[in-house]
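Engineer: Predicted model, plus sequence, below.
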Amino acid sequence: MVITEQEFNEWKECAVTKQLLSVLKNEREQMKEGLIYDVYTSPEEVKGRCRAIATLLDIQYGDLQNG
């Protein structure tokens with residue numbers, strides 16, 4: 001499926017997308033706090049989740065073209 005840059009930008013500006021990314025950002029911050037206070041039994045898994053969320057939060061149009 002080919003996505004144009006305009007379609008990508010419309011998706012990024014969509015209210016639903018903005019809310020989703022906000023929720024993910026908040027969850028990531030909570031996970032980071034949990035890592036700091038050593039509350040997880042599998043911190044490596046949580047670190048992986050944090051990295052995955054960071055990737056989603058920082059996604060750019062060019063990232064879709066390269067993947």
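Structural biologist: Received, thanks.

Engineer: could you pull out the helices for this structure?
Structural biologist: 5-13, 15-36, 43-57, 61-66 (DSSP state H).

Engineer: quick one: Y61 and E10 touch, right?
Structural biologist: No - Y61 is beyond contact range of E10, at 11.2 Å (criterion: C-beta atoms under 8 Å). For the C-beta atoms, the positions are set from N, CA and C on the backbone; glycine is no exception.

Engineer: Those two: who's more crowded?
Structural biologist: Y61 (15 against 11; other C-beta atoms under 10 Å).

Engineer: what comes up buried for the lowest-mean-pLDDT helix or strand in the chain?
Structural biologist: Lowest on mean pLDDT, DSSP states H and E among the helices and strands of the chain sits helix 61-66, with a mean of 87. Within helix 61-66, no residue is scored as buried using 16 or more other C-beta atoms under 10 Å.

Engineer: Show me the contact partners of that helix.
Structural biologist: With contact meaning C-beta atoms under 8 Å, 6 or more residues apart in numbering, helix 61-66 is reached by 3, 5, 8-9.
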